[in-house]
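S.K.: Pasting a predicted model and its sequence here:
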Amino acid sequence: MSLYRNTVWFFKGLKEFTKNGFLSASKMFKEDDLEVDCSGRHYMITGANSGIGKCIATEIAKRGGTVHMVCRNPSSAEEAKQDIIDASNNSNIFVHILDLSKPRDVHKFAQDFCKNNESLHVLVNNAGCMFNIRELTEDNLEKNFVTNTLGTYILTTQLLPLIKQSEKPRVVTVSSGGMLVQKLDYTDMQFEKMKPFDGTLAYAQNKRQQVVMTEQYAKQHPEVYFSCMHPGWADTPSVCTSMPDFYSKLKDKLRTPDEGADTAVWLAVSPAAVQHPAGLFFQDRNPAPTHLPLASTKVTTKEKEEFMTALEELSKKFAG
Ligand SMILES: NC(=O)c1ccc[n+]([C@@H]2O[C@H](COP(=O)([O-])OP(=O)(O)OC[C@H]3O[C@@H](n4cnc5c(N)ncnc54)[C@H](OP(=O)(O)O)[C@@H]3O)[C@@H](O)[C@H]2O)c1
């Protein structure tokens with residue numbers, strides 16, 4: 001089954017996820033969809049110092065939005081902040097330092113942000129990682145899972161009270177088409193039973209978990225517009241360092257980070273995006289299937305709910 005899924009996924013990727021896939025899809029984009037004035041609205045973007053996240057932050061800043069960059073590395077965050085100010089002529093750009101792999105810090109950061117800010121209209125969960133060796137954090141949590149899934153869950157859940165009191169709120173999560181090769185599995189979230197450990201599959205499982213999380217949040221909180229998306233295959237630092245073979249084979253076919261960011265920007269700012277139902281997975285400004293044909297990756301609603309409960313229980317262990 002995994003050979004079938006990987007093969008179908010790879011050929012789909014060559015056609016749709018590459019630069020050519022973007023150029024072909026973008027012929028259908030409506031020019032004025034992104035002609036939006038974001039002034040007066042507050043946007044938080046995780047991983048805004050690099051790659052796709054930096055492009056999302058820059059596009060929002062150019063449209064006048066107040067940008068909260070959530071980054072773990074102070075010097076690269078400050079450097080990126082200056083680049084964003086220079087590119088946008090918008091000085092309402094703020095850096096917040098947070099390592100999403102530290103669940104206690106994520107709880108504290110979100111609680112403090114809610115106390116100190118009057119609104120947060122849009123959260124963009126963009127930060128992500130792929131560790132190819134199974135490593136545990138100081139809290140004994142597997143590094144891919146804690147950053148991509150648990151960190152995203154805690155940040156989103158803890159910011160929801162503030163997000164809900166803001167006008168027309170949205171939460172966008174940058175997932176990945178890689179999730180198509182994985183069926184949701186919440187019985188081994190730390191990948192203890194994955195032998196041998198495979199970082200690409202662990203990452204794909206986390207990205208599947210983000211898609212399920214988005215669907216479930218949308219059901220639980222209809223007052224917030226939740227969506228997730230696939231950026232396509234974009235030339236960014238993490239693709240080069242985490243997937244060197246993939247990168248060397250496909251580097252001429254990759255999208256630019258801006259092309260990878262396009263749908264996330266559209267989901268974060270455009271009135272056209274919210275014409276679609278909440279909870280969907282998007283690719284190139286269109287809802288996209290969350291399962292490959294005949295791939296046996298679907299799970300029941302009960303399993304999705306149990307996954308959310310498992311995250312909630314784990315999250316509580318790290319609440320202050
Ligand atoms: N590029 C692609 O082809 C592609 C395809 C599918 C999905 N994606 C997704 O797109 C998103 C952005 O990735 P990218 O391709 O733009 O790569 P990138 O340039 O390497 O950006 C990743 C960002 O995540 C941040 N990050 C990683 N771990 C973190 C942690 N523990 N705490 C806080 N921030 C952390 C990184 O911070 P540092 O700079 O400090 O490392 C960086 O800002 C990710 O979610 C990725 O999974 C990318």
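M.R.: Perfect, thanks for sending it. Since this is a predicted model, take the numbers as computed values, not measurements.
S.K.: CA only for contacts and neighbour counts going forward, please
M.R.: OK.
S.K.: which parts of stretch 197-212 are buried?
M.R.: Of the residues in stretch 197-212, 199-212 count as buried by neighbour count, 16 or more other Cα atoms under 10 Å.
S.K.: now the helices for this structure?
M.R.: Assigned by DSSP state H, the chain shows helices spanning 2-16, 19-26, 51-62, 74-88, 103-116, 143-144, 151-164, 199-220, 237-242, 244-250, 257-269, 301-316.
S.K.: most packed of these?
M.R.: helix 143-144 (a mean of 28; mean count of other Cα atoms under 10 Å).
S.K.: Output the contacting helices and strands for that helix.
M.R.: Identification of packing neighbours for helix 143-144 by 3 or more Cα pairs under 8 Å, 6 or more residues apart in numbering; DSSP states H and E yields helix 199-220.
S.K.: so does the helix it packs on get close to the ligand?
M.R.: No - interface with the ligand: helix 199-220 contributes nothing (Cα under 6 Å from any ligand atom), its closest point being 7.5 Å away.
S.K.: Contacts made by that helix with the rest, please.
M.R.: The contact list for helix 199-220 (Cα atoms under 8 Å, 6 or more residues apart in numbering) reads 129-134, 144-145, 148-149, 153, 173, 175-176, 178-185, 191, 224-228, 278-281, 304-305, 308.
S.K.: redo that, cut-off 7 Å
M.R.: Contact with helix 199-220 is made by 130-133, 144-145, 148-149, 175-176, 178-179, 182, 184, 225-228, 278-281, 304, as judged by Cα atoms under 7 Å, 6 or more residues apart in numbering.
S.K.: Poorly predicted segments of this protein, please.
M.R.: 1 (pLDDT under 70).
S.K.: mind running it again at 90?
M.R.: 1-2, 31, 320 (pLDDT under 90).
S.K.: And the residue nearest the centre of it?
M.R.: Val174 (2.3 Å; Cα atoms, centre = their mean).
S.K.: returning to what we had before: got JSON lines for the helices of the chain, with distance to His68 too?
M.R.: As requested, those are exported to JSON lines (distance: least, Cα to Cα, whole Å):
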{"stretch": "helix 2-16", "distance to His68": "31"}
{"stretch": "helix 19-26", "distance to His68": "28"}
{"stretch": "helix 51-62", "distance to His68": "8"}
{"stretch": "helix 74-88", "distance to His68": "10"}
{"stretch": "helix 103-116", "distance to His68": "10"}
{"stretch": "helix 143-144", "distance to His68": "24"}
{"stretch": "helix 151-164", "distance to His68": "13"}
{"stretch": "helix 199-220", "distance to His68": "21"}
{"stretch": "helix 237-242", "distance to His68": "22"}
{"stretch": "helix 244-250", "distance to His68": "30"}
{"stretch": "helix 257-269", "distance to His68": "14"}
{"stretch": "helix 301-316", "distance to His68": "23"}
